[in-house]
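>>> Sequence plus predicted model, see below.
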Amino acid sequence: MENSALKIKEWLNSHKIALPFLHVVLGSGLASSLDEYEKTQKDWTLKGVLPFSEIPGINPSTAPGHSAVYKFYEKNGKTLSFQTGRLHGYEGNSPQSVVKPLTVLCDLGVQKFILTNAAGSLQTHMKAGSAMIIDDQVNMTGLNPLTGPNDEKKGPRFPDMSKCYSPGINEILKKNLLQKKVEVHHGTYIGVNGPCFETAAEVKLFSNWGMGAVGMSTVFEAIALRHRGGEVGGISFLANMGTGLAEKAHEKLSGEEVLEEGKKKAPLILSAIFMSAEELI
Ligand code: HPA
């Protein structure tokens, strides 16, 4: 077993925490709201927080709004884990490093995952502040976490991607987001490297291709998890309209705007995720 997996296993054992039945990655804006949300709900008890910095082989996060820790919650002996913060290619991480916090859990036996992100809407009817269920993805980064020698024990050399996102998990997420009165759309997420936001020409291109949302994360994680046989649900929180699509098209995009917009809807989305977790045990 790799050092990172060993460390997490030992840490879970020493804290008497069972292996999670579901692991959730919280994207920008949503991540910083988990601490507050935790206090407003009574069902799940926080059992421990493990910072990435304590795990050999996992890079620290440098992205704004990403504190990069695992948080473990328990209810009736079942563990639900969150990752507040993720690693991105634009921070200088290789695709393999980006996926490490997730693949290590997969290697320990976690099978179900929910990936969330903040993204720019590429369709005028999908307004900022709404959510998009990720039905499928396009990896526009030109890179792939499976590049290099393949470990056949983990997954096949040429993994099938026909069901990259699980219709079952996504259906549960959609139902609970709607119950929380979050406007929900469906669409394809196109992952770019960043860190600059897209030009208006790029947004026009992606939009004409029929893509739903654009962002700088998630695609490597979904690929690596599917390779290992993980089941993946996905939500994009549409934090802003893609460049040039807003009614006030002259307005500039900023990272702060993305984080602020996320914070407003975060409690509703978190609540929908906790509700969904109950159905995925
Ligand atoms: N583009 C890329 N990534 C993003 C955006 C965007 O408009 N909004 C939030 N993350």
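On my side now, so go ahead.
>>> May I see the buried residues of the longest helix along the chain?
Ordering each helix of the chain by length in residues (DSSP state H) puts helix 255-280 first. Of the residues in helix 255-280, 257-259, 261-263, 265-277, 280 count as buried by neighbour count, 16 or more other Cβ atoms under 10 Å. Backbone N, C-alpha and C define where each C-beta goes, glycine included.
>>> Low-confidence ranges, the protein, go.
Low-confidence regions of the chain, defined here as pLDDT under 70, cover residues 63-67, 248-251, 258-259, 261-262.
>>> For it, what lies in contact range of the ligand?
118-120, 197-198, 214-216, 239-240, 242, 253, 258 (Cβ under 6 Å from any ligand atom).
>>> Go through these and say which is closest to the ligand.
Comparing those against the ligand with Cβ to the nearest ligand atom places residue 120 closest, at 2.2 Å.
>>> list the contacts for residue 56?
Neighbouring residues of residue 56 by Cβ atoms under 8 Å, 6 or more residues apart in numbering: 3-4, 7.
>>> how about a cut-off of 6 Å?
By Cβ atoms under 6 Å, 6 or more residues apart in numbering, residue 56 lies in contact with 3-4.
>>> Then residue 184?
Counted by Cβ under 6 Å, 6+ apart, residue 184 has contacts 131, 174, 177-178.
>>> In PyMOL, select just the buried ones from those.
To isolate the buried members of those in PyMOL, using 16+ other Cβ under 10 Å:
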select buried, resi 131+174+177
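>>> can you put the contacts of residue 184 in TSV and add secondary structure?
Below are those laid out as TSV (DSSP: H, G, I helix; E, B strand; the rest coil):
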residue	secondary structure
131	strand
174	helix
177	helix
178	helix
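>>> just the contacts of residue 184 now: which is nearest the ligand?
Closest to the ligand, out of all of the contacts of residue 184 and judged by Cβ to the nearest ligand atom, is residue 131, at 13.0 Å.
>>> How about the closest one: which residues does it bridge to?
Assessed by DSSP bridges, residue 131 has beta-bridge partners residue 184, residue 237.
>>> before we move on, back to that, which helices and strands does the longest helix of the chain pack with?
strand 22-26, strand 112-121, helix 167-179, strand 231-241 (3 or more Cβ pairs under 6 Å, 6 or more residues apart in numbering; DSSP states H and E).
>>> repeat that with 8 Å
Contacts defined by 3 or more Cβ pairs under 8 Å, 6 or more residues apart in numbering; DSSP states H and E place helix 255-280 against strand 22-26, helix 34-40, strand 112-121, helix 167-179, strand 231-241.
>>> and the angle from it to strand 231-241?
150 degrees (axes from the mean of the first three to the mean of the last three Cα atoms, to 10 degrees).
>>> Going forward, the N-terminal residue is numbered 778.
From this message on, residue numbering opens at 778, which makes the last subject helix 1032-1057.
>>> Helix 1032-1057 versus strand 889-898: what angle between them?
150 degrees.
>>> orientation of helix 1032-1057 relative to strand 799-803 in degrees?
Going by the same axes, to 10 degrees, helix 1032-1057 makes 170 degrees with strand 799-803.
>>> Against which helices or strands is the helix or strand containing residue 790 packed?
Secondary structure assignment for residue 790, by DSSP states H and E: helix 780-791. For helix 780-791, the packing partners by 3+ Cβ pairs under 8 Å, 6+ apart come out as strand 822-828, helix 872-885.
>>> Which one of the residues of the chain next to the ligand sits in the busiest neighbourhood?
residue 896 (31 neighbours; other Cβ atoms under 10 Å).
>>> hang on, the earlier thing: okay, the helices and strands packed on helix 780-791 in CSV with distance to residue 924 next?
CSV is the format used below for the helices and strands packed on helix 780-791 (distance: least, Cβ to Cβ, whole Å):
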stretch, distance to residue 924
strand 822-828, 28
helix 872-885, 7
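>>> Can I get those in CSV including mean neighbour count?
What follows is those, written out as CSV (neighbours: other Cβ atoms under 10 Å):
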stretch, mean neighbour count
strand 822-828, 15
helix 872-885, 22
